[in-house]
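Visitor: Output the structure for:
(2 chains)
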Amino acid sequence: MKLLKKIFLFYYEGFKGMTVGKKLWFIIFIKLFIMFAILKFFFFPDFLKTKFNSDSERSDYVIEQITSPINNK
Amino acid sequence: MEHFDLALVDWSRAQFALTALYHWIFVPITLGTSFIIAIMETIYVKTGQEIWKRITKFWMTLFGINFAIGVATGIILEFEFGTNWSNYSWFVGDIFGAPLAIEGIMAFFMESTFIAIMFFGWDKVSKGFHLTSSWLVAIGSNLSALWILVANAWMQNPVGMEFNPDTARNEMVDFWQILFSPTAVNKFLHVITSAYTYSALFVIGISAWYLIKNKNLALAKRSMVVASTFGLITSLFMVMTGDESAREVFKVQPMKFAAMEGLYYGETNAPLVAIGVFEKAPTPENPKAKEWAAKIEIPNLLSYMAALDPNAFVPGIHDMVHGNKEQGIVSYYDRIARGKTAIQALADYKTAKKTNDQNKASSSLVTFKENYKDFGYGYYDDPHDLIPNVPLTFYSFHTMVGLGTLFVLIFILTLIYSVKDKITNKRWLLYTALWSIPLGFLAQEAGWMVAEFGRQPWVVQDYMPTLTAVSNIDHTSVIITVLLFTITFTVLLIAEIKIMLKQINGFNDGGH
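Guide: Sure, this is the predicted structure:
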């Protein structure tokens, strides 16, 4: 318990004493928000995970894709 | 090829290139300055001189700004794998999974834990423990770079795997072969030494600016000595590993090697084009077009560079497209035919499995395995589509090599004049050092352009071309994200530069 408190205080005081760091953390949060809440959510769904329910369906789809030049002839 | 949406392929490539180029602004500075800081702190701990503590803290602040702005920019690449490059991600999944998982765990535990001690622990832990943490941050960040570079090397030289036709995935059969393939070893060493070189230029450039402005001389002069020594040693290793990398490219990616040197027709005693300007590339319609407007050659050097033998034959683009029986080179025409056989056999195998036709499935599998090594060639009809952009690869390669050589020279001069304490009088050298910061960045990106443009059309050498790797999505969303990335990245870069410049301008070394 004492060790945990020590670790907590180490980080707490470290963050509290930051000068440039506060501005950087602000930038990091904005960046992570743009990345995860906007880009990932609206523009980057996992294509195979969202379209198919099982690995077997995914395999079939990819094989169909990579053999399509022959199949389409 | 007409079955693939080439606009989607191009936009997806542009998006990935933009993200990777941006990510690589920050990574090399993190990889190299972490070591420079650890060296400076070691000097502080050994000598006990307070000025070295101030110097270490100053560079640590710049390291922290760079780290904070750059952190997580690489995650966007992983988003892109899942959305835009799903065929590719599935195809290579088992190979990429292990290295990237190790990278994630290592980066999280090593960097996150010890970076906190590095920044917050100055007055809270012992000098020795703090120093150990600084070294562990450097080692940890470099080790995490190892795994992604191993994955990239596998794409250039796919070894230690076996393709499973039932799952359409490559499965790892020999982890050590992947980790210690000569391509992986050379790539890792060359990339990290070039990152160290760039970081040394970063430190030297900022120190030079202080010397030009006649401020913070104690910090600037001392930093100049440490960074010049570090830069000189690492840039010499960079040259050595670059030489080894080129030899590896010659063995496993001969088309890329020919493009790097603009070699259209193979020859023995091949000369190295040290400097050259293209006139017109030979085409199928005009195969004897004059390639060079001007060039300076070094006799036999290309043969020696490729095979350590000045008399060795170096195949040109024409030899690979049309084949060269004398040299045992199979033509791309033949490889395309085999590739088409492999693709057809895979399709037949899958159909036979569905219809439960065991005989057909077995015979198709045998045919597939016999021709699999040329699988990717089967997507093409014209072998000339298998040639990368030669001028772009050539100019990128020569820019990288030329600048690398210049950097070695800069390190020698800054080290000599710093040790003699005459560096402040050499204004031309200080300005050159200052300008070497953007030049170092240019060299870094040129190196990646050689690696990535030079290997086109492959995303996985010989097995998967870039055009089959993309997901079947609407390219409008890709265009939107390219625009969003451009705006976000530009804003972040401006923020980084502004915060860094504020720190650099506001620093005072105490007038030692």
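
Visitor: Give the other helices and strands that the lengthiest helix in chain B contacts.
Guide: As assigned by DSSP state H, the longest helix anywhere in chain B is helix B:6-47. If you count contacts as 3 or more Cβ pairs under 8 Å, 6 or more residues apart in numbering or on different chains; DSSP states H and E, helix B:6-47 packs onto helix B:50-70, helix B:75-83, helix B:127-156, helix B:182-213, helix B:217-252, helix B:427-453, helix B:466-469, helix B:475-506. Where you see a C-beta, it was placed from the backbone N, CA and C, and this is true even at glycine.

Visitor: Any idea which of those gets closest to residue B:35?
Guide: Residue B:35 lies closest to helix B:127-156 among these, at 4.6 Å (Cβ to Cβ).

Visitor: coming back round to it: any chance of the helices and strands packed on helix B:6-47 in TSV, with mean pLDDT too?
Guide: Shown next, in TSV, are the helices and strands packed on helix B:6-47 (pLDDT from 0 to 100):
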stretch	mean pLDDT
helix B:50-70	90
helix B:75-83	84
helix B:127-156	90
helix B:182-213	95
helix B:217-252	95
helix B:427-453	95
helix B:466-469	90
helix B:475-506	86
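
Visitor: so which of these gets nearest residue B:102?
Guide: Among those, helix B:127-156 comes nearest to residue B:102, with 5.2 Å by Cβ to Cβ.

Visitor: now check the closest one, is it near chain A?
Guide: No. Judged by Cβ under 8 Å from any Cβ of the partner chain, helix B:127-156 stays clear of chain A, getting no closer than 12.2 Å.

Visitor: Tell me the gap between that helix and the middle of its chain.
Guide: Per Cα atoms, centre = their mean, to the nearest Å, the displacement of helix B:127-156 from the mean C-alpha position of its chain is 16 Å.

Visitor: Also stretch B:27-35?
Guide: Averaging C-alpha positions (Cα atoms, centre = their mean) puts stretch B:27-35 15 Å from its chain's average.

Visitor: So which residues on the stretch 401-512 of chain B come close to chain A?
Guide: Counting by Cβ under 8 Å from any Cβ, the stretch 401-512 of chain B sits next to chain A at B:464, B:468, B:471-473, B:477, B:480-481, B:484, B:488, B:492, B:495, B:499, B:503.

Visitor: which of those count as buried?
Guide: B:464, B:468, B:471, B:473, B:477, B:481, B:484, B:488, B:492, B:495, B:499, B:503 (16 or more other Cβ atoms under 10 Å in any protein chain shown).

Visitor: Check the residues you listed and tell me the two furthest apart.
Guide: Farthest-apart pair in those is B:468 and B:503; separation 47.1 Å (Cβ to Cβ).

Visitor: Could you check how many residues crowd around the nearest residue to residue B:503 once chain neighbours are set aside?
Guide: For residue B:503, ignoring the flanking residues on the chain, the nearest one in space by Cβ to Cβ, 6 or more residues apart in numbering or on different chains is residue B:61 at 5.5 Å. Using other Cβ atoms under 10 Å in any protein chain shown, residue B:61 has 19 neighbouring residues.

Visitor: quick one on the thing from earlier: can I get the residues of the stretch 401-512 of chain B next to chain A in a markdown table including distance to residue B:73?
Guide: As requested, those are arranged in a markdown table below (distance: Cβ to Cβ, whole Å):
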| residue | distance to residue B:73 |
| --- | --- |
| B:464 | 26 |
| B:468 | 27 |
| B:471 | 22 |
| B:472 | 27 |
| B:473 | 22 |
| B:477 | 20 |
| B:480 | 19 |
| B:481 | 14 |
| B:484 | 14 |
| B:488 | 10 |
| B:492 | 8 |
| B:495 | 13 |
| B:499 | 16 |
| B:503 | 21 |
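
Visitor: Find the closest residue to chain A in the stretch 201-350 of chain B.
Guide: Proximity of the stretch 201-350 of chain B to chain A (Cβ to the nearest Cβ) peaks at residue B:347, 4.0 Å away.

Visitor: give the contact list for the residue nearest to residue B:153 when sequence neighbours are not counted.
Guide: In this structure, residue B:153 finds its nearest non-sequential neighbour in residue B:184, 3.7 Å apart by Cβ to Cβ, 6+ apart. By Cβ atoms under 8 Å, 6 or more residues apart in numbering or on different chains, the residues touching residue B:184 are B:149, B:150, B:153, B:154, B:157, B:178.
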